[in-house]
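[1] compute the structure for the input listed below.
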Amino acid sequence: MMWKSPAAAVGPGEYRLAPGPMLPPAANPRARRWRRRAVRGTAVVGVLALVVALHAPILTSFARFFRVDDPAPSDALVVLIGGPDHRPAHAARLYRRGIADVVLIGTSSTDPASVWRETDLAVAEMIRLGVPSGAIVVLPGLVTSTREEAARVADYARARPLRRITVVTTSFHTARARWIFRKMLRGQAIDVRMAAADNPSFREADWFRSDEGMVTYFGEAVKTVYYRLRY
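    Residues are numbered from 1 along each chain as shown. Just a heads-up that it's a prediction; the model follows:
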């Protein structure tokens, strides 16, 4: 039924509109602006609340971008220098699992604050954890970077038929290390696998809760971009 304006009867069959406006009064422009601002403010607050609620999963996913963990039976394990409190131990676990019969490690320089080289400490730790000393090969030539470590492995592989290696390093370093090793071993038909050793100080799920974790992961992001552009 169609709506009709209020009307007053003035005679048989005749009607006259009652006094008063036929349309609702115009909205106050100031009130309309405040309503719009309120809606926008509510939307912004909602988005911020969502970001706060999801920041942990988002940052965890960011960290997992740098992690590769796909160890497989190999001709050699390659332990990268660094992470003395977790890389040698993880390599020893993989050795005991039978991933490989040989463990390769580069030659580090001597720490000025110590009479020991990091290579020596890593070798001693692996022997303590059950890796026979005869199974560990210290590659000649000092190394100061992952790229140099990959170059030493490439030299070693030229005289030996390596079909696959598993590289052991800290989880945040695995993606970049794999890219470097694949690039350095290009043309030698060697399958490069990675074994991610967890840093005891922080992991993917909580790295953003410590200064060390934030410096490490943001630094790794910068290094990843640099290596891709530089090499």
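[2] where exactly do the helices run in this protein?
    29-64, 87-96, 118-128, 146-158, 174-184, 211-230 (DSSP state H).
[3] I'd like these as CSV, with mean neighbour count, mean pLDDT and distance to I136 appended.
    Bear in mind the C-beta positions are built from the backbone N, C-alpha and C, glycine included. CSV is the format used below for the helices of the chain (neighbours: other Cβ atoms under 10 Å; pLDDT from 0 to 100; distance: least, Cβ to Cβ, whole Å):
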stretch, mean neighbour count, mean pLDDT, distance to I136
helix 29-64, 11, 68, 31
helix 87-96, 22, 98, 9
helix 118-128, 18, 96, 6
helix 146-158, 19, 96, 13
helix 174-184, 20, 97, 19
helix 211-230, 13, 92, 28
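[4] would you reformat these as JSON lines and include distance to A197?
    As requested, these are exported to JSON lines (distance: least, Cβ to Cβ, whole Å):
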{"stretch": "helix 29-64", "distance to A197": "15"}
{"stretch": "helix 87-96", "distance to A197": "4"}
{"stretch": "helix 118-128", "distance to A197": "12"}
{"stretch": "helix 146-158", "distance to A197": "14"}
{"stretch": "helix 174-184", "distance to A197": "9"}
{"stretch": "helix 211-230", "distance to A197": "14"}
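[5] D70 is nearest to which of these?
    helix 174-184 (9.1 Å; Cβ to Cβ).
[6] number of nearby residues for the closest residue to R182 other than its chain neighbours?
    Distances taken as Cβ to Cβ, 6 or more residues apart in numbering put V192 closest to R182, at 5.2 Å, once the chain neighbours are dropped. When neighbours are defined as other Cβ atoms under 10 Å, V192 has 23 of them.
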